[in-house]
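K.L.:
Prediction below, plus the sequence it came from.
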Amino acid sequence: MPSERDAAEAADVTGENAGRQDRPDIVVTGIGVISPAGIGAARLWEAMAAGKTFFDTGGHDGPAPALPWPSASVDTTEITWPAGRDWANAGKYANQSARWAVAVARQALEQAGITGDTEDIRGGTVMAVGSSSDELSDVIPQLASRFRNDPRPLAKFLHDEVPDYSYIRGIPSQLGQFVSMASGFRGSNVAAYGEAAAGGTGALALAVRLLESGELDRVLVVGVGAPLTTTAMAAFDQDEPLGTRATAGAGPFDADRSGTLLGQGAAAVLLERADAARGTARARLAGCEVLAAADVAASAELVVDTVLADADSTPTVWWAHGAGSARLDRVETRAVLPRAGSLPVTGSKGTIGNAFECSALIDTALVVESLGRGALPPVGLLRRPDPGLGGLDPVMGETRPLGPAPTALITAFNQGQHSTAAGALVIASTHGTSADDGKART
């Protein structure tokens, strides 16, 4: 006969499962990526599969020595701005981050069959933004130098030469206004930034709450990791040394890794309630959270415990943050391996570097791409896995096939020794099923 304790535990489990069943399924219906590999998640996935990397040695102008930190840069010539009078006017106020945000948003929307031609009050926007880059920090010194030999009064000179986009730097959700123009979404437009960002995981977690609460039916999550200023690079390096080489053996989890490699990019992930989706489900979001504790190790353990307990699918693969930082790689593996086991693991930062505010969004898009292709690409620049990281099973050299019904754990962190936030999410395959009949809703 069951004891009272057994009955109580059974009741707890039943209540927990009932709580999960009451929550709507959330599906990914569109993804967009801009990376050093080019436009689209497919190009980046294929570059990883081919073992390509995109790091330069810190190009410079003039006689000054090159920067010591290799970085992977985006080719901006491929990025286009929408046509039309309204977009031409908006373009006067759009900085590079806004242009990248709109470009990735349009990729994700196109996949879901959303044109943005009609207003949708059940759609919203969450931006993953940060303060790691400020274009004016580079512009103002240039303007000061030019003003020395310019005949115009200072007020006239500044009026003519300071970029129109400068005002948006103090409005974190302003980038979302440009994204809303592309989507037609007229619901909530909010931003997740600072310690809660965790590479964009915070924005995804906020989007999940907006969907689960019933406030919205779809949320477009967009993040931009803009090029870092030299000042920002130096500050990051002073806090925790950045990587100074981008050759074989310098990648994440390698025994000879020496620090995080720098990158840039943008990504968009369109999440929808499955019962009201306008697009076809490419994957299902089974859990997502960001937590902060006294230190990053405690946060990592807590957030992995939380998403694994919350998800209704057991991960079969792991897409790691994989910063290449000796410290963070240890924190990450010690949090995941005892809880999820020795899963096949990969990551993007050995190929394109750390795009900071949007790094987890890029990884989410790559996981969706991997689930669709049925394979994981290898870790870039990984030559000799660090034996001190335990039973790690990295994907090396070539792609690794996924088994049936694959589910991926994704982990994410902020950069810096004093950052304590950690994020994690679980993405499950939908086996090509549709969120609905595939027809667009209005």
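P.N.:
Yep, it's here. Numbers count the residues shown, from 1 in each chain.
K.L.:
Phi and psi next, for the residue lying closest to residue 239 once chain neighbours are set aside.
P.N.:
Leaving out its chain neighbours, the residue that sits closest to residue 239 by Cβ to Cβ, 6 or more residues apart in numbering is residue 416, at 5.1 Å. Where you see a C-beta, it was placed from the backbone N, CA and C, and this is true even at glycine. Note on residue 416: backbone dihedrals following degrees, to the nearest 10 are phi 120, psi 140.
K.L.:
Is residue 416 in contact with residue 238, as I believe?
P.N.:
No: applying Cβ atoms under 8 Å, one finds residue 416 not in contact with residue 238, separated by 10.3 Å.
K.L.:
more crowded one of the two?
P.N.:
Legend: neighbour count by other Cβ atoms under 10 Å for residue 416 and residue 238, higher for residue 416 (16 against 9).
K.L.:
what separates the more buried one from residue 260, distance-wise?
P.N.:
10 Å (Cβ to Cβ, to the nearest Å).
K.L.:
Give the helix, strand or coil label for the residue nearest to the spatial centre of the chain.
P.N.:
Geometric centre of the chain, nearest residue: residue 361, 2.1 Å, by Cα atoms, centre = their mean. What DSSP: H, G, I helix; E, B strand; the rest coil gives for residue 361 is helix.
K.L.:
which residues does it contact?
P.N.:
Shown in contact with residue 361 (Cβ atoms under 8 Å, 6 or more residues apart in numbering): 128, 199-200, 203-204, 221-223, 267-269.
K.L.:
on that earlier part again, quickly list what's touching both of residue 416 and residue 260.
P.N.:
Going by Cβ under 8 Å, 6+ apart, residues that sit against residue 416 and also against residue 260 are 236, 240.
K.L.:
still on that earlier bit, what pLDDT is listed against the residue nearest to residue 239?
P.N.:
On pLDDT, residue 416 comes in at 85.
K.L.:
can you check residue 66 too?
P.N.:
At residue 66, pLDDT is 75.
K.L.:
which stretches of the stretch 151-300 of the chain form helices?
P.N.:
154-161, 174-183, 201-212, 230-239, 296-310 (DSSP state H, counting those that start in this stretch).
K.L.:
Out of those, the one nearest residue 366 is which?
P.N.:
Closest of these to residue 366 is helix 201-212, at 14.2 Å (criterion: Cβ to Cβ).
K.L.:
Quick one: buried ones out of the contacts of residue 361?
P.N.:
128, 199-200, 203-204, 221-223, 267-269 (16 or more other Cβ atoms under 10 Å).
K.L.:
Convert the C-alpha atoms of stretch 319-329 to CSV, please.
P.N.:
Coordinates of the C-alpha atoms in stretch 319-329 are reproduced here as CSV (Å, rounded to 0.1, in the frame of the first residue of the first chain):
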residue,chain,number,x,y,z
TRP,A,319,25.0,23.6,-28.2
ALA,A,320,27.4,25.3,-25.8
HIS,A,321,28.2,29.0,-25.3
GLY,A,322,31.8,27.8,-25.7
ALA,A,323,33.5,31.2,-25.3
GLY,A,324,37.1,29.9,-25.4
SER,A,325,37.6,31.5,-22.0
ALA,A,326,39.4,28.9,-19.8
ARG,A,327,37.3,30.1,-16.9
LEU,A,328,33.9,30.0,-18.6
ASP,A,329,34.5,26.8,-20.4
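K.L.:
so the closest residue to residue 380 other than its chain neighbours is in which element?
P.N.:
Nearest residue to residue 380 in three dimensions, chain neighbours excluded: residue 350, at 3.0 Å (Cβ to Cβ, 6+ apart). Residue 350 belongs to helix 349-352 when assigned by DSSP states H and E.
K.L.:
contact partners of that helix?
P.N.:
Contacts of helix 349-352 (Cβ under 8 Å, 6+ apart): 35-37, 44, 47-48, 52-54, 72, 250-252, 260-261, 263, 265, 321-324, 359, 362, 379-382.
K.L.:
Spit out the contact partners of residue 121.
P.N.:
Contacts of residue 121 (Cβ under 8 Å, 6+ apart): 186-187.
K.L.:
same deal with residue 128?
P.N.:
Here residue 128 is in contact with 191-193, 197, 199-200, 202-203, 221-224, 357-358, 361 (Cβ under 8 Å, 6+ apart).
K.L.:
From the structure, what's the count of residues near the closest residue to residue 386 other than its chain neighbours?
P.N.:
Nearest residue to residue 386 in three dimensions, chain neighbours excluded: residue 255, at 4.3 Å (Cβ to Cβ, 6+ apart). Residues lying near residue 255 (other Cβ under 10 Å) number 14.
K.L.:
Touching, residue 255 and residue 385? I think so.
P.N.:
Yes: taking contacts as Cβ under 8 Å, residue 255 lies within contact range of residue 385: 6.9 Å.
K.L.:
so residue 368 touches residue 44, yeah?
P.N.:
No: the criterion here is Cβ under 8 Å, and residue 368 misses it with residue 44 at 11.9 Å.
K.L.:
which of these two has more neighbours?
P.N.:
The neighbour count for residue 368 versus residue 44, taken as other Cβ under 10 Å, is higher for residue 44 (28 against 25).
K.L.:
Skip the chain neighbours and tell me the closest residue to the more buried one.
P.N.:
residue 37 (4.2 Å).
K.L.:
What does the pLDDT read for that neighbour?
P.N.:
So residue 37 comes in at 98 (pLDDT).
K.L.:
With residue 173 instead?
P.N.:
pLDDT, residue 173: 57.
K.L.:
ditto for residue 358
P.N.:
Reported pLDDT for residue 358: 93.
K.L.:
and if you look at residue 148?
P.N.:
Residue 148 is given a pLDDT of 83.
K.L.:
With the one 10 residues further on instead?
P.N.:
If you check residue 158, the pLDDT there is 75.
K.L.:
Next up, the contacts around it.
P.N.:
residue 143 are the contacts of residue 158 under Cβ under 8 Å, 6+ apart.
K.L.:
mind checking how far it is from residue 92?
P.N.:
From residue 158 to residue 92 the distance is 17 Å (Cβ to Cβ).
K.L.:
and what of residue 228?
P.N.:
Distance of residue 228 to residue 92, computed by Cβ to Cβ: 25 Å.
K.L.:
And residue 254, by the same measure?
P.N.:
46 Å.
K.L.:
Repeat that for residue 230.
P.N.:
27 Å.
K.L.:
low pLDDT regions in this structure?
P.N.:
1-21, 57-65, 130-141, 162-173, 194-196, 432-442 (pLDDT under 70).
K.L.:
Settle this for me: the residue nearest to residue 44 is touching residue 52, isn't it.
P.N.:
Yes: if you go by Cβ under 8 Å, residue 37 and residue 52 touch, sitting 7.2 Å apart.
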